[in-house]
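**Q** Could you work out the structure for the sequence below:
(one chain, ligands or ions: 1)
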Amino acid sequence: MNQTSNQKLNDKTWARWSALFVVAFTMMAAYYVNDIMAPLKSMLEGELHWTSGEFGFFTGAYSFLNVFLLMLIWGGLILDKFGIRFTGMLSAILMVGGTICEYAAITRFGGTEEMLFGYKLDVFMASAGYSVFGVGAEVAGITVTKIIAKWFHGKEMALAMGVQVALARVGSQVAYAVAIPVAKNWHLDTPLLIGAILLVGGLVSFLCFTFMDRKLDRQVTIDTSCGDDEKFSFKDVVAVVSNPGFWLIALLCVLFYSCVFPFQKFATELMVTKYNVSEDIAGTFAGLPALGALFLTPVFGGMIDRRGKAASIMMLGAFMLICVHAIYAIPFIHASWVAIILMIILGIAFSLVPSAMWPSVAKIFPVKQLGTAYALIFFIQNIGLWGIPALIGSVLENYCITGQEVVNGKTTNLYDYTLPMCIFTGIAILSLLVAFLLKSADKQYGYGLEKANLKK
Ligand SMILES: C[C@H](N)C(=O)N[C@@H](CCCCN)C(=O)O
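**A** Numbering: from 1, shown residues only. As a prediction, the model looks like this:
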């Protein structure tokens, strides 16, 4: 009896997993909206006359405010000052607001010739909305990591983090699979409208979480060690950036993710133009890495927990990435089955590296510096997520147009993707080099990355 009354809400399995699924739904909606415009690149070009450069600018806008206004750093500070409930709600509101702005840009001003600050009004406004959404999505990302740390402290924390990332991948995969069919059957803006509705659902679901979390806080003194330890402080910033492991993980993170997320944004068009995949299913192909990662991330996470070898696995993932991008770059291979197999291999790499990388952060830094480390790594990662799409879009527009085609009265460009794929291959080679340096640093500084997480 006494034992039951001392039990905190997160001691109950059903309660902590319900809390996880509730916040994971918000993140799933966020990942859907993050990826929903990518498969529509050619339609944006045909219907709204967006160039590849404009598409790249729009795609990179996700990270613009995070990088140039340091929003991830402020987000970290707000998270520590005002807590997970306030910050989570704030980020969900930013995601909804940004998406509504993006939707209004496309519906109200789509295809306009009006200019603002040297950009077409619709491109500028959609990018501004996507940028605000990006702040919400990234801050929500660190907030959810902290929520899991609080609710699963001393429990199945790694599994919970793996399940949350896996569920987020469902959002991505659905976005890639449905965007073109939905846009063709209804309107170009319908997939985004669905995203806005999902995000409102995500906001409501986060609101439900706040009630659960308030109840948890009201119960017998919750072990606050995790909350206090994760506070963002400038002393911790200095400690984190003085650690060589930080720079290697952050570099690997920016290089690896720059080869995956930005590549996926252009992959639908690559499938159609180079591998003659039908437009209706090209998005599903582009989303395959997310689908693979959905199943494999928890599996590889469990393997690494038991057997270790995280540094070697990051090297293997980076090597697989080089092979995938290098084969995509070969100009004379046009078989669609090759494209599918490469996407599956990319999915395996996309499961291997994150399931080894994120828990490694927890091995390199003490708990009190973890929140700071994650915020700074996300910040550096966002530099790549901003710069690489803009670079690829501009390269496509300036060097890769090979002709034009008219489909249903709408003119779109044809592109040769050899040069962009060579750029992705180059970045992947750098990521392997950094993964190798990380493995050497692990030997030198004894981070224990190759050791199993679970004690036998
Ligand atoms: C894009 C975002 N900054 C990111 O890196 N997301 C990761 C998951 C991070 C989980 C950290 N606990 C992803 O692989 O989607």
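**Q** need the strands for the chain, in chain order.
**A** 115-116, 119-120, 401-407, 410-415 (DSSP state E).
**Q** can you redo those as CSV with mean pLDDT and mean neighbour count?
**A** C-beta coordinates here come from the backbone N, C-alpha and C atoms, glycine included. CSV is the format used below for these (pLDDT from 0 to 100; neighbours: other Cβ atoms under 10 Å):
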stretch, mean pLDDT, mean neighbour count
strand 115-116, 84, 12
strand 119-120, 92, 19
strand 401-407, 86, 10
strand 410-415, 86, 17
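**Q** Of those, which is nearest the ligand?
**A** Comparison of these against the ligand by Cβ to the nearest ligand atom identifies strand 119-120 as nearest, at 24.7 Å.
**Q** contacts for that closest one?
**A** For strand 119-120, the external contacting residues (Cβ atoms under 8 Å, 6 or more residues apart in numbering) are Trp50, Glu54, Phe57, Thr112, Glu113, Glu114, Ser127.
**Q** Spell out which residues of the stretch 51-200 of the chain are next to the ligand.
**A** By the rule Cβ under 6 Å from any ligand atom, the part of the stretch 51-200 of the chain lying against the ligand is Glu138, Gly141, Thr145, Met161, Val165, Ala168.
**Q** switch the cut-off to 8 Å
**A** Ala137, Glu138, Gly141, Ile142, Val144, Thr145, Ile148, Met161, Gln164, Val165, Ala168, Arg169 (Cβ under 8 Å from any ligand atom).
**Q** before we move on, what about the stretch 301-450 of the chain?
**A** Residues of the stretch 301-450 of the chain lying close to the ligand by Cβ under 8 Å from any ligand atom are Phe350, Pro354, Trp358, Tyr374, Phe378, Gln381, Asn382, Leu385.
**Q** ok, the third one - contacts?
**A** With contacts defined as Cβ under 8 Å, 6+ apart, the neighbours of Trp358 are Met161, Val165.
**Q** just for this protein, where's the confidence low?
**A** By pLDDT under 70, the low-scoring segments of the chain are 1-5, 220-232, 454-456.
**Q** let's see 80
**A** 1-6, 111, 153-159, 162, 220-234, 367-371, 407-410, 453-456 (pLDDT under 80).
**Q** Now do the helices in the stretch 101-250 of the chain.
**A** Remark: helices assigned in the stretch 101-250 of the chain by DSSP state H, counting those that start in this stretch are 121-151, 157-185, 190-218, 225-229, 234-241, 244-275.
**Q** on that earlier part again, identify, from the contacts of strand 119-120, the entry nearest to the ligand.
**A** For the contacts of strand 119-120, the residue nearest the ligand by Cβ to the nearest ligand atom is Ser127; the value is 17.8 Å.
**Q** Spatially nearest residue to that closest one (excluding sequence neighbours)?
**A** Ala61 (3.7 Å; Cβ to Cβ, 6 or more residues apart in numbering).
**Q** how many other residues sit next to the one you found?
**A** For Ala61, the neighbour count with other Cβ atoms under 10 Å is 25.
**Q** my read: it touches Tyr130, true?
**A** Yes. Applying Cβ atoms under 8 Å, one finds Ala61 in contact with Tyr130, separated by 4.7 Å.
**Q** So what's the residue count around Glu269?
**A** Neighbours of Glu269 using other Cβ under 10 Å come to 26.
**Q** One more: the one 3 residues further on?
**A** Using other Cβ under 10 Å, Val272 is surrounded by 25 other residues.
**Q** The one 3 residues further on now?
**A** Number of residues near Tyr275 (other Cβ under 10 Å) recorded here: 20.
**Q** Make residue 1 into 40 and carry on from there
**A** Sure thing, new numbering starts at 40, so read that last one as Tyr314.
**Q** show me the contacts for Phe339.
**A** Ile352, Ser390, Leu391, Ser394, Ala395.
**Q** Considering those, which possesses the most neighbours?
**A** For those, the largest neighbour count, defined by other Cβ under 10 Å, is 30 neighbours, found at Ser394.
**Q** Before I go, just wanted to say thanks for your time.
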